[in-house]
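K.L.:
Sequence plus predicted model, see below.
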Amino acid sequence: MQPTIEPLAVQSLKDACIARLEQLILSGELKIGERLPSERDFAARLGVSRPVLHEALVDLDAKGLVKISPRRGVFVNDYRRSGSMAILSSLLAYHNGQFDPAFIQSLYDWRLLIESETARLAALNRTPQQLSEMHAILKAEAEVHCSDAVTLTDLDYEFHLTVAIASANLVYPLIINSFKAVYTSLTGQFFRQYCNTPVVEAVHQFHVQIVESIERKDADNAVRTMSQMLNHGESYLKGSVP
């Protein structure tokens, strides 16, 4: 079987500018509350045009990393107070896929809280169509070899997103979608690390049990199994994440 090779990602000049600005802010080189130089001067220092820099700053403003204040300038924000879920992917990129232990634990805690609730609500509110989609995901998972980490990661993400959609809560799927870049990075490492071990098969069996509980409308068991699976994943992810 040929190994799965992911395509190279080519950054646009805007994306490269965003990545550089994020690095400057997240590293602390640009301090919280600091006013950035004028766009003309800053663009020259970064080696980009003013329009490219402006587009990058608008993107960072949307994420909460900076605040664009008309007639006053651009200021560095404290992302813990003003950042959105979109910043998670920026933190991942800044650390080159590596997180400090406190950040990893925060991600685990977040998932346990939100996804236990999506499982409970899905058992109460799922539709026949959503249940059919879950069974289709289970079938696809059973047919994929663990060496295809990309496909397994995509299916795993779709499983959790489908459960969130089945919860009938309009916000939960949006939160999970905002988390996608970080989520798929972590789970991708997990599947690559534990291919050809019982650990990967255990994830699929947890999925099967969750769907069975949702199908029976057994909310308590859906919550219990989702929690068991997330705790199981946490224990092994801590061994696979650098």
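P.N.:
Looks like it arrived, so ask away. Fair warning: this is a prediction, and the values are worked out from it, not measured in the lab.

K.L.:
Check which residues of the longest helix belonging to the chain are buried.
P.N.:
Looking across the chain with DSSP state H, the single longest helix is helix 101-125. Across helix 101-125, burial judged by 16 or more other Cβ atoms under 10 Å covers 104, 107-108, 111-112, 114-123, 125. In short, each C-beta sits where N, CA and C put it, glycine included.

K.L.:
Repeat that for stretch 127-144.
P.N.:
Buried residues in stretch 127-144, counted by 16+ other Cβ under 10 Å: 130-131, 133-134, 137-138, 141, 144.

K.L.:
residues contacting K217?
P.N.:
K217 makes contacts with 123-124, 126, as judged by Cβ atoms under 8 Å, 6 or more residues apart in numbering.

K.L.:
That should have said I210, apologies.
P.N.:
119, 163, 222, 225-226, 229.

K.L.:
Please tell me I have it right and Q228 contacts Q205.
P.N.:
No - counting by Cβ atoms under 8 Å, Q228 does not reach Q205; the two are 10.7 Å apart.

K.L.:
Let me have the buried residues of stretch 127-144 in a markdown table, extended by pLDDT and distance to V52.
P.N.:
Listed next are the buried residues of stretch 127-144 as a markdown table, based on pLDDT from 0 to 100; distance: Cβ to Cβ, whole Å:
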| residue | pLDDT | distance to V52 |
| --- | --- | --- |
| Q130 | 98 | 43 |
| L131 | 98 | 47 |
| E133 | 98 | 41 |
| M134 | 98 | 44 |
| I137 | 98 | 40 |
| L138 | 98 | 45 |
| E141 | 96 | 42 |
| V144 | 94 | 40 |
